[in-house]
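Asks: Return a 3D structure for these sequence lines:
(2 chains)
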Amino acid sequence: QKEVEQDPGPLSVPEGAIVSLNCTYSNSAFQYFMWYRQYSRKGPELLMYTYSSGNKEDGRFTAQVDKSSKYISLFIRDSQPSDSATYLCASGFTGGGNKLTFGTGTQLKVEL
Amino acid sequence: KAGVTQTPRYLIKTRGQQVTLSCSPISGHRSVSWYQQTPGQGLQFLFEYFSETQRNKGNFPGRFSGRQFSNSRSEMNVSTLELGDSALYLCASSPRTGGTGELFFGEGSRLTVL
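Replies: Prediction:
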């Protein structure tokens, strides 16, 4: 079993929809959680970072972490075709340096 | 500010050969990490270097090695290539080692092993 599990999709939604992307993790040592976005033929780019349970909002994006259930979510409001990409959740822990454990990614397509 | 630069972008090798990939981090970044990305396994951590020292290593065989130079540029080497080594190899730099998860990735080197 992978330490971070993520539904690969693909997920197709109409423009303007609210998108919910989810991950679960099994390693209790994970202390901080990230969402990366990866466009085709590009490297991943950091979207959101959270250190504790709760919500963090940045524009149309909200990251949610529930450490009690080991559940990580990313919500995208008013989705746009430019949001079409693969979304990767990742986890790390203090003392682990920049060693992150990634989910396999969810491919999202936002259609006009 | 220039981003992370990886060379070569694409390469084809045959089984048993070796390959060296290069990464130039963002100016001022002292941490360089390498990840392997495949469709089945996703991104998997290979190793991290900080100030020329290997800080962390993932669960890959000894055929995978790396180093970092005094200017923070890094190289990774894969010896005795196997078909399963076909992947996108991503380099990421960061100004610090750990704690924020903020990695700046290059566009990767796509290796095909025939």
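Asks: and the gap between the residue in chain B positioned nearest to chain A and B:Thr5?
Replies: Closest to chain A within chain B is B:Phe105: 3.1 Å, counting by Cβ to the nearest Cβ. For the C-beta atoms, the positions are set from N, CA and C on the backbone; glycine is no exception. Relative to B:Thr5, B:Phe105 is positioned 11 Å away (Cβ to Cβ, to the nearest Å).
Asks: re the thing from before, wait, what's in contact with the closest residue to the residue of chain B closest to chain A other than its chain neighbours?
Replies: If the residues on either side of it in the chain are set aside, B:Phe105 comes closest to A:Gly43, at 3.1 Å by Cβ to Cβ, 6 or more residues apart in numbering or on different chains. By Cβ atoms under 8 Å, 6 or more residues apart in numbering or on different chains, the residues touching A:Gly43 are B:Val4, B:Leu90, B:Ala92, B:Phe105, B:Gly106, B:Glu107, B:Gly108.
Asks: Hmm, B:Tyr89 and the fourth one touching each other?
Replies: No. Using Cβ atoms under 8 Å, B:Phe105 and B:Tyr89 do not qualify as a contacting pair, with a distance of 11.0 Å.
Asks: re earlier: can you name the two of the contacts of A:Gly43 that are farthest apart?
Replies: B:Ala92 and B:Glu107 (11.3 Å; Cβ to Cβ).
Asks: for the chain, what spans make up the strands?
Replies: Using chain A here. Using DSSP state E, the strands found in chain A span residues A:4-6, A:11-14, A:19-25, A:32-38, A:45-50, A:54-58, A:61-66, A:71-76, A:85-92, A:101-102, A:106-111.
Asks: Correction: the question concerned chain B.
Replies: B:5-7, B:10-13, B:19-24, B:31-38, B:42-50, B:53-57, B:64-68, B:74-78, B:87-94, B:104-105, B:109-113.
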